[in-house]
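# Sharing a sequence plus its predicted fold:
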Amino acid sequence: SQQGEEDPQALSIQEGENATMNCSYKTSINNLQWYRQNSGRGLVHLILIRSNEREKHSGRLRVTLDTSKKSSSLLITASRAADTASYFCATWSGANNLFFGTGTRLTVIP
Amino acid sequence: DSGVTQTPKHLITATGQRVTLRCSPRSGDLSVYWYQQSLDQGLQFLIQYYNGEERAKGNILERFSAQQFPDLHSELNLSSLELGDSALYFCASSVGVLGGTYEQYFGPGTRLTVT
């Protein structure tokens, strides 16, 4: 399966701390995307990184991609209670659909 | 608000029944995707339509079918429902035909409970 796997499955941190979650996948990809899902709601796109990029920033988000290790990481700096959500990586290998990982559940404690 | 709408928000029905879930994509988006999210299976891609035509199939059961209409809204039909079909069903849309080129915009989902 091309499905990514996030690690850790769950993460609990204090407000103001940084949160890092990792995604590993199995096949070569064209791009990798990160999505956020608040409890029971639709997913929201956060950032897309292409296979020829190594790092990308968007506000408090920093994403890295290591295609040799088939892994990506999402760093959220200076976390806020509102960042509490599940975070999914999704890989695209050129076919018509994205493959979503299993998700990391982040809890930010005020 | 993603611009993608889904109805109904909640649906409770009995085993063996048939239901229809509806999705309206974001204005200008030609692709519609259906996903199923359950606790044990995670987020599973079901099917994609682009401008009225089926473009990709994922883990969609034969009891499920979908279509996209000329006005680009889409419907997902689930029949002979089983308890295991209880899940959140999401619709997403994107501008292009290739599902990963650009971001996908997700609707709020329909929570289906089969009793």
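Noted; the coordinates are in hand. Numbering: from 1, shown residues only, chains lettered A, B, ... in the order given.
# those strands in the chain, which residues are they?
I went with chain A, as the question did not name one. A:5-7, A:10-14, A:19-24, A:31-37, A:43-50, A:55-58, A:61-66, A:71-76, A:85-92, A:99-100, A:104-109 (DSSP state E).
# try chain B instead
B:5-7, B:10-13, B:19-24, B:31-38, B:42-50, B:53-57, B:64-68, B:74-78, B:87-94, B:105-106, B:110-114.
# what comes up buried for the last one?
In other words, strand B:110-114. By 16 or more other CB atoms under 10 Å in any protein chain shown, the buried positions in strand B:110-114 come out as B:110-112, B:114. From N, CA and C alone the C-beta is placed, and that goes for glycine too.
# So residue B:84 versus residue B:110, what's the distance?
16 Å (CB to CB, to the nearest Å).
# Residue in chain B with the shortest distance to chain A?
Closest residue of chain B to chain A, CB to the nearest CB: residue B:100 (2.3 Å).
# list the contacts for the closest residue to that residue other than its chain neighbours?
Leaving aside its sequence neighbours, residue B:100 sits nearest to residue A:92 (CB to CB, 6 or more residues apart in numbering or on different chains; 2.3 Å). Residues near residue A:92 by CB atoms under 8 Å, 6 or more residues apart in numbering or on different chains: A:29-33, A:98-99, B:98-101.
# same thing but at 7 Å, please
A:29-31, A:98, B:99-100 (CB atoms under 7 Å, 6 or more residues apart in numbering or on different chains).
# can you list the residues of chain B near chain A?
Counting by CB under 7 Å from any CB of the partner chain, the positions of chain B adjacent to chain A are B:2, B:33, B:42-43, B:45, B:48, B:55-56, B:58, B:88, B:90, B:98-100, B:103-104, B:106-109.
# Kindly supply the PyMOL command isolating those of those residues that are buried.
Filtering the residues of chain B next to chain A down to the buried ones (16+ other CB under 10 Å) takes a single PyMOL command:
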select buried, chain B and resi 2+33+43+45+48+55+56+58+88+90+98+99+100+103+104+106+107+108+109
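# From residue A:95, how far out is the spatially closest residue to residue B:23 that is not a sequence neighbour?
Leaving aside its chain neighbours, residue B:23 sits nearest to residue B:91 (3.3 Å; criterion: CB to CB, 6+ apart). Distance, residue B:91 to residue A:95, by CB to CB: 19 Å.
# May I have the phi/psi pair for the closest residue to residue B:4 other than its chain neighbours?
Counting by CB to CB, 6+ apart, residue B:107 is the residue found nearest to residue B:4 once chain neighbours are left out, at 3.8 Å. Backbone geometry at residue B:107, expressed as degrees, to the nearest 10, gives phi -80, psi 180.
# quick one, what contacts residue B:107?
A:42, B:2, B:4-6, B:23, B:90-92.
# May I see those residues organised as TSV, with distance to residue A:103 and pLDDT added?
Formatted as TSV, the contacts of residue B:107 follow (distance: CB to CB, whole Å; pLDDT from 0 to 100):
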residue	distance to residue A:103	pLDDT
A:42	14	89
B:2	19	88
B:4	20	97
B:5	24	97
B:6	21	97
B:23	22	98
B:90	14	96
B:91	19	97
B:92	16	95
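# just the buried members of these?
The buried subset of the contacts of residue B:107 - by 16+ other CB under 10 Å - is A:42, B:2, B:4, B:6, B:23, B:90-92.
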